[in-house]
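Enquirer: Pasted the sequence and its predicted model underneath.
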Amino acid sequence: MQAYLMPLVVLVAEMAPYLLLGFLIAGLLHAFVPRTVYARYLSGNDFRSVFLAALFGVPLPLCSCGVIPTAMSMRREGASHAATVSFLIATPQTGVDSIAATASLLGLPFALLRPLAALVTALGGGALVGALTRDSGVETAATTTHTELPAGFGARCVEALKYGFGQMMQDIGKWLVVGLVIAGAITVLVPDGFFAEFGDRPLLNMLLVLAVSAPMYLCATGSVPIAAALMLKGLSPGAAFVLLMAGPATNMAAILVIGKVLGRKTLLLYLLSIIVGAMTFGLGIDYLLPREWFTAASTEYAAACCHGATLPWWKTASAVLFTVLLVVALVRRHQHTEVEQQTTKTMEKAYKIKGMMCNHCKANVERNLAKLEGVEAVRVDLEAGVAYVTGTVEEQKVIDLINELGYEYIA
């Protein structure tokens, strides 16, 4: 047990200061940048709109499921087909929180290349979609969502803290814990040098990583400790980079939704861009750049795990604070779910929805269903994947709107 706990403690201590900073910046972006800004400059089907969409997407801390309703809303507000795809590619691959976590555990070269790769991949994917597909026009349905920001500097600061250390932690906290647990298990259970036997075949390493990570739900921050643990077992830095980029970029739910809403051709170009971009950068890391750039940080982490190195006080304090905030966020999410389940009324109609993964999804569904004529109240149980609608609204209208938002109604 001690052999497992020590790597886990070191992981948390190394990442905690940067995760706290990342969550704070995420909250500030949410509270001070109006949602409509992300659509206002993305209406063109040209390279400028593709570039701005990628630039907007790179720092945003949205996962591969949370980005879908945001992107669909942008599409309805006026974003072009190409710009929407560019945003869909850039956003889940990285964010301010994951960049900070990457720097803390994998080193500065990884942290610098990660947003660069996301930007380049998004530009390539958006340009391909713009050149090879026909934009069917902007969807301007009444389902457009706008999130009103609080007035006043103080109120926005409070909102930033609530979002960063509340909603954001609730959204990715579970997946971050899963990533940490998996990383600890890899460190203990996988033999040293397991991937070293494939060291002369990095392309095979990358294909294996792609096959495993592409259909999984893996958040950008949660992928960092997994990549670090795999590198300790002999995985090449380039293959680890493929995991960092391709894993968070998509999952089966996102694949199904994008194929349904934007079309199969766009889906193929989307996947092709992610795969080619991740592997190109991965091969460049393994063959063109000094290996020690990408292994120094993981070597220090390995030494701390094996020898029980004393952690600086500020890392220990950050780890304690981060753990407390994370536990509080997860407990509140669980309590909120229990309250929702206990207050379900017989007059409500329940709609089972596939594809909701985070609080962004929940808020998107609640806001849009509430706008339908005849709806008196809407509640979404995120854990159960159910929307409870009270009122005289026609059932088919609710089902149609759920599907329009990019989710799937399950009869």
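Expert: In hand now; what should we look at?
Enquirer: buried set for stretch 324-338?
Expert: 325-326, 329, 333 (16 or more other Cβ atoms under 10 Å). Heads up, the C-betas are built off the backbone N, CA and C, glycines and all.
Enquirer: now swap in stretch 206-220 and tell me
Expert: Result for stretch 206-220 [16+ other Cβ under 10 Å]: buried residues 206, 208-210, 213-214, 217-220.
Enquirer: Where helices are concerned, which of the residues you listed count?
Expert: Using DSSP state H, the subset of these located in helices is 206, 208-210, 213.
Enquirer: Switch those residues over to TSV; also include pLDDT.
Expert: Output for these, formatted as TSV (pLDDT from 0 to 100):
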residue	pLDDT
Met206	87
Leu208	83
Val209	84
Leu210	85
Ser213	76
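Enquirer: Out of these, which is nearest to Ile274?
Expert: Leu210 (9.3 Å; Cβ to Cβ).
Enquirer: residues in contact with the nearest residue to that closest one once chain neighbours are set aside?
Expert: Ranked by Cβ to Cβ, 6 or more residues apart in numbering and with sequence neighbours excluded, the top spatial neighbour of Leu210 is Ala246, at 5.6 Å. Ala246 makes contact with 209-210, 213-214, 274-275, 278 under the criterion Cβ atoms under 8 Å, 6 or more residues apart in numbering.
Enquirer: Farthest pair within those residues?
Expert: Between any two of the contacts of Ala246 (Cβ to Cβ), the greatest distance is 12.7 Å, for Val209 and Ile274.
Enquirer: what's the helix or strand for Val378?
Expert: Counting by DSSP states H and E, the element that carries Val378 is strand 375-381.
Enquirer: name the helices or strands packed onto the helix or strand following that strand?
Expert: Reading on from strand 375-381 to the C-terminus, the next helix or strand found by DSSP H and E is strand 386-391. Where contact means 3 or more Cβ pairs under 8 Å, 6 or more residues apart in numbering; DSSP states H and E, strand 386-391 is packed against strand 349-354, helix 359-370, strand 375-381, helix 395-404.
Enquirer: and the last one, which residues are buried?
Expert: Okay, so that is helix 395-404. For helix 395-404, burial by neighbour count (16+ other Cβ under 10 Å) applies to 398, 401-402.
Enquirer: could you pull out the helices for the stretch 51-200 of the chain?
Expert: Using DSSP state H, counting those that start in this stretch, the helices found in the stretch 51-200 of the chain span residues 67-77, 81-93, 96-106, 108-132, 153-162, 168-189.
Enquirer: Just put those in a markdown table and tack on mean pLDDT and mean neighbour count.
Expert: Formatted as a markdown table, the helices of the stretch 51-200 of the chain follow (pLDDT from 0 to 100; neighbours: other Cβ atoms under 10 Å):
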| stretch | mean pLDDT | mean neighbour count |
| --- | --- | --- |
| helix 67-77 | 65 | 25 |
| helix 81-93 | 88 | 31 |
| helix 96-106 | 86 | 26 |
| helix 108-132 | 92 | 21 |
| helix 153-162 | 90 | 15 |
| helix 168-189 | 71 | 20 |
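Enquirer: Give me the domain ranges for this structure.
Expert: 2-324, 343-410 (automatic domain parsing).
Enquirer: Compare the mean pLDDT across the ones you listed and name the weakest.
Expert: Mean pLDDT is lowest for domain 2-324 out of the domains of the chain, coming in at a mean of 78.
Enquirer: re the thing from before, what's the closest of the helices and strands packed on strand 386-391 to Pro17?
Expert: helix 359-370 (24.7 Å).
Enquirer: Which strands or helices does that closest one pack on?
Expert: Using 3+ Cβ pairs under 8 Å, 6+ apart, helix 359-370 sits against helix 67-77, helix 168-189, strand 375-381, strand 386-391, helix 395-404.
Enquirer: Just give the closest residue to Arg114, not the sequence neighbours.
Expert: That would be Thr94: by Cβ to Cβ, 6+ apart, it lies 5.0 Å from Arg114.
Enquirer: you'd agree the one you found is up against Cys219?
Expert: No - assessed by Cβ atoms under 8 Å, Thr94 is found out of contact with Cys219, at 10.9 Å.
Enquirer: For the two, list the residues in contact with both.
Expert: Pro248.
Enquirer: Show me where the stretch 201-350 of the chain has its helices.
Expert: 202-213, 223-232, 237-249, 252-262, 264-288, 292-307, 313-342.
Enquirer: With distance to Ala411 as extra columns, can I get these in TSV?
Expert: Shown next, in TSV, are the helices of the stretch 201-350 of the chain (distance: least, Cβ to Cβ, whole Å):
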stretch	distance to Ala411
helix 202-213	32
helix 223-232	35
helix 237-249	31
helix 252-262	16
helix 264-288	24
helix 292-307	48
helix 313-342	21
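Enquirer: For Lys174, which of these is the nearest?
Expert: Of all the helices of the stretch 201-350 of the chain, helix 313-342 sits nearest to Lys174, with 6.7 Å by Cβ to Cβ.
Enquirer: Kindly calculate the angle that the closest one makes with strand 386-391.
Expert: Counting by axes from the mean of the first three to the mean of the last three Cα atoms, to 10 degrees, helix 313-342 lies at 50 degrees to strand 386-391.
Enquirer: Check which helices and strands helix 313-342 sits against.
Expert: helix 2-32, helix 168-189, strand 375-381.
Enquirer: Around Leu19, count how many other residues there are.
Expert: 26 (other Cβ atoms under 10 Å).
Enquirer: Surely it and Thr221 touch.
Expert: Yes - counting by Cβ under 8 Å, Leu19 touches Thr221, with 7.0 Å between them.
Enquirer: Nearest to Trp314, out of the ones in helices among the buried residues of stretch 206-220: which one, please.
Expert: Ser213 (32.8 Å).
Enquirer: Now that closest one: closest residue in space that isn't a chain neighbour?
Expert: Using Cβ to Cβ, 6+ apart, the nearest residue to Ser213 is Gly247, at 3.6 Å.
Enquirer: and that neighbour, how many neighbours does it have?
Expert: Using other Cβ under 10 Å as the criterion, Gly247 is surrounded by 29 other residues.
Enquirer: Likewise for Glu394?
Expert: A total of 11 residues lie near Glu394 under the criterion other Cβ under 10 Å.
Enquirer: hang on, it packs against Glu373?
Expert: No - if you go by Cβ under 8 Å, Glu394 and Glu373 don't touch, sitting 9.1 Å apart.
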